[in-house]
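> sequence first, predicted coordinates after that:
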Amino acid sequence: MNASPTAPSPLLNAQNWNRGFLIDSEWMAGVSEEDSEWKAWVVSLLTGSLIAATNYPTPEEAYQALNRIPGRAWKFEASKTCSGEKCGPENCKGEGCKIYRAPDSKTCL
């Protein structure tokens, strides 16, 4: 009997959308709250420019829109344990600190 393939779990979900962002080699995407609306945003890591930003009435709609962007090799990057004095190899296991660490500093986004 052939097992039906399972769909990959969404990268952003109800448990993590406000604790990190999506990242690949060129883009970063996330959800922010602004004036009781949730903004799904995408920026270029290469240029720092805003690629897209759209407001949604719920966080679910915002992170689901990001999960639907085709052709991206997204990875989830936790941000809550990777900031200020907490920045370091023991806390920042993804790409964020490697990309955003300022020289001779423990500050990362």
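It's in. Nothing here was measured: the structure is a model prediction, and the numbers come from that model.
> tell me where this structure is predicted with low confidence.
Along the chain, the parts satisfying pLDDT under 70 run over 1-10, 80-109.
> quick check: longest helix of it.
helix 59-67 (DSSP state H).
> can you pull the domain assignment for this structure?
For the chain, the structural domains run 20-78, 81-109, going by automatic domain parsing.
> now the strands for this structure?
Per DSSP state E, the chain carries strands over the ranges 20-23, 27-34, 37-44, 50-56, 75-78.
> looking at these, spot the one closest to residue 14.
With Cβ to Cβ, the closest approach to residue 14 among these belongs to strand 27-34: 11.4 Å. From N, CA and C alone the C-beta is placed, and that goes for glycine too.
> got the angle between the closest one and strand 50-56?
For strand 27-34 against strand 50-56, the angle by axes from the mean of the first three to the mean of the last three Cα atoms, to 10 degrees is 40 degrees.
> can you list the buried residues in strand 27-34?
27, 28, 29, 30, 31 (16 or more other Cβ atoms under 10 Å).
> repeat for stretch 56-69
Quick answer for stretch 56-69 (16+ other Cβ under 10 Å): 56, 59, 62, 63, 64, 65, 66, 67.
> residues in contact with that stretch?
10-14, 17-18, 22, 29-31, 33, 37-40, 42, 54 (Cβ atoms under 8 Å, 6 or more residues apart in numbering).
> let's go with 10 Å and repeat that
8-14, 16-18, 21-22, 27, 29-33, 36-42, 51-52, 54-55, 72, 74 (Cβ atoms under 10 Å, 6 or more residues apart in numbering).
> which of those count as buried?
Buried among those (16+ other Cβ under 10 Å): 10-12, 17-18, 21-22, 27, 29-31, 38-42, 72, 74.
> just list the residues touching residue 73, thanks.
22, 23, 24, 25, 26, 27.
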